[in-house]
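> I would like the atomic coordinates for the input below:
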Amino acid sequence: MKDSKSNGAEPGRSKAHPMNDLRLAAARKRLAESRDQEDAIEGLREIIANFLGCEEIGLFRVDSTKTNFQPFWSFGIEHGKYDLRLALGDAGLHSVMDGECHIELGSRDHSGAMAKVQAFVPIRRNGQTVAILAILRLLPHKFGFDPSDMELFQLLSHEAADPLFGSNARSKAAKGGQE
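Numbers count the residues shown, from 1 in each chain. I've put the predicted structure just below:
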């Protein structure tokens, strides 16, 4: 990613703190060992809740025209209430579509639940943004993102798409609705 706060570390190799390598390895393993799409989604939720301190998450699919964003999954929020274009603005949306993480440093002047968004992470596959992960209000003990969080965003951006949307990601519907 090209985020200005990113330290240029490769995904999975931390420059922020040596102990972060363990966190990145655990996140990578959880995603890679996902059995299907539902398990990958649960893995994403676990990673964000446990490593980032957030339990309000939305994932939006990017359509083929790259102009519409369909709510795909959410946890702790009603994803139908969110408008990524309004929340990001044109410049922010272009940067996320180009693969940059967008961090909200202050409160923007937009109304509703999107005012709570702390970060937008592009989920990339084959050099294209296929989804946008919206990370909303952080838990009270978390006061923002540090360099190790930026490394985790980079890992999610580069490695979450295949478990979530790749050919091996079979959804519940594809399995006939069985658990």
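> contacts, neighbours, all on C-alpha from now
Fine.
> residues in contact with the nearest residue to residue 117 once chain neighbours are set aside?
Using C-alpha to C-alpha, 6 or more residues apart in numbering and skipping the chain neighbours, the partner closest in space to residue 117 is residue 136 (3.9 Å). Remark: with contacts taken as C-alpha atoms under 8 Å, 6 or more residues apart in numbering, residue 136 is in contact with 54, 55, 56, 57, 58, 114, 116, 117, 118, 119.
> helix or strand for the residue nearest to residue 60 when sequence neighbours are not counted, which one?
Setting aside the residues directly before and after it, residue 60 is nearest to residue 71 in space (C-alpha to C-alpha, 6+ apart), at 4.5 Å. Of the helices and strands defined by DSSP states H and E, residue 71 is found in strand 69-75.
> return the set of buried residues in the helix or strand bottoming out on mean pLDDT in the chain.
Sorted by mean pLDDT, DSSP states H and E, the helices and strands of the chain end with helix 84-97, the least confident at a mean of 87. By neighbour count with 16 or more other C-alpha atoms under 10 Å, helix 84-97 contains the buried residues 84, 87, 88, 92, 93, 95, 96, 97.
> circling back: and the residue nearest to residue 117, how close does it get to residue 161?
Here the distance between residue 136 and residue 161 works out to 20 Å (C-alpha to C-alpha, to the nearest Å).
> on that earlier part again, so which of the contacts of residue 136 is the closest to residue 131?
Comparing these against residue 131 with C-alpha to C-alpha picks out residue 58 as the nearest, at 10.2 Å.
> didn't that closest one look like it was pressed against residue 133?
Yes: between residue 58 and residue 133 there is a contact under C-alpha atoms under 8 Å: 5.9 Å.
> contacts only, for the residue nearest the centre of the chain.
Residue closest to the mean C-alpha point of the chain, counted by C-alpha atoms, centre = their mean, is residue 133 at 3.3 Å. In this structure, residue 133 makes contact with 57, 58, 59, 60, 120, 121, 122, 123, judged by C-alpha under 8 Å, 6+ apart.
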